[in-house]
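Asks: Structural data only, the sequence is not supplied:
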């Protein structure tokens, strides 16, 4: 066999890791994320049940089983990818240096990050809207997606301000002693 089929997945993996590092993925994961990556089958089962039970109550049991199975496979695949990603950073070493905050980051980096987050959020809102009798159009989904991303951005800024105030107060307390 030629080496070409092996290069494409490796290239995709390197591109994924470059995007992941750019979005802050090289930072150590929080405890729930690490737990979910260590136990992908159990966490996928719990999440798939949370998806399948409402479907089973609203529709036929066959549809609930089908939706639950598809949800389980999707969650399991994402958690396996997360497990691989965490194993890679554990092997290479996590980035423990302080990252640039949103306030000091370049506008192009902020806009790129927000655009990368906005696209899947828009598609997700559109897909969820398909379950309604009067579904959202692409325009409404895009607006709601932009509002969700902006809400996350504002929440991140507020959390960062709170942290900087806490650091300033802790530094002032240390100097007072």
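Replies: Arrived safely, thanks for sending. Everything quoted here is computed from the prediction, not taken from an experiment. Numbering: from 1, shown residues only.
Asks: what helices or strands is the biggest helix by length in the chain leaning on?
Replies: When the chain is parsed with DSSP state H, its longest helix is helix 138-176. Helices and strands touching helix 138-176, by 3 or more CB pairs under 8 Å, 6 or more residues apart in numbering; DSSP states H and E, are helix 107-129. Using the backbone N, CA and C atoms, a C-beta is placed for each residue, glycine as well.
Asks: which strands and helices sit next to the helix it packs on?
Replies: With contacts taken as 3+ CB pairs under 8 Å, 6+ apart, helix 107-129 sits against helix 4-22, helix 138-176.
Asks: how about a cut-off of 7 Å?
Replies: On a contact count with 3 or more CB pairs under 7 Å, 6 or more residues apart in numbering; DSSP states H and E, helix 107-129 meets helix 138-176.
Asks: quick one: buried residues of the helix it packs on?
Replies: Under the neighbour-count criterion of 16 or more other CB atoms under 10 Å, helix 138-176 has 141-142, 144-145, 148-149 buried.
Asks: returning to that earlier point: got the angle between the longest helix of the chain and helix 107-129?
Replies: 130 degrees (axes from the mean of the first three to the mean of the last three CA atoms, to 10 degrees).
Asks: quick one, what contacts the residue most central in space within the chain?
Replies: The centre of the chain sits closest to residue 117, judged by CA atoms, centre = their mean, with a distance of 8.7 Å. Residue 117 makes contact with residue 149 under the criterion CB atoms under 7 Å, 6 or more residues apart in numbering.
Asks: hmm, 8 Å instead?
Replies: Neighbour list for residue 117: 149, 152 [criterion: CB atoms under 8 Å, 6 or more residues apart in numbering].
Asks: hmm, back to that, so which of the buried residues of helix 138-176 is the closest to residue 134?
Replies: Closest approach between the buried residues of helix 138-176 and residue 134, by CB to CB: residue 141, at 13.2 Å.
Asks: hang on, the closest one packs against residue 129?
Replies: Yes. In this structure, residue 141 is within contact of residue 129 by CB atoms under 8 Å, at 6.2 Å.
Asks: before we move on, the earlier item: dump the buried residues of helix 138-176 into TSV; add distance to residue 89 as well.
Replies: Putting those into TSV (distance: CB to CB, whole Å) gives the following:
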residue	distance to residue 89
141	33
142	33
144	33
145	29
148	27
149	25
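Asks: Among these, find me the one that's closest to residue 44.
Replies: Using CB to CB, the buried residues of helix 138-176 come closest to residue 44 at residue 148, 24.2 Å.
Asks: residues contacting the closest one?
Replies: So residue 148 contacts 121, 125 (CB under 8 Å, 6+ apart).
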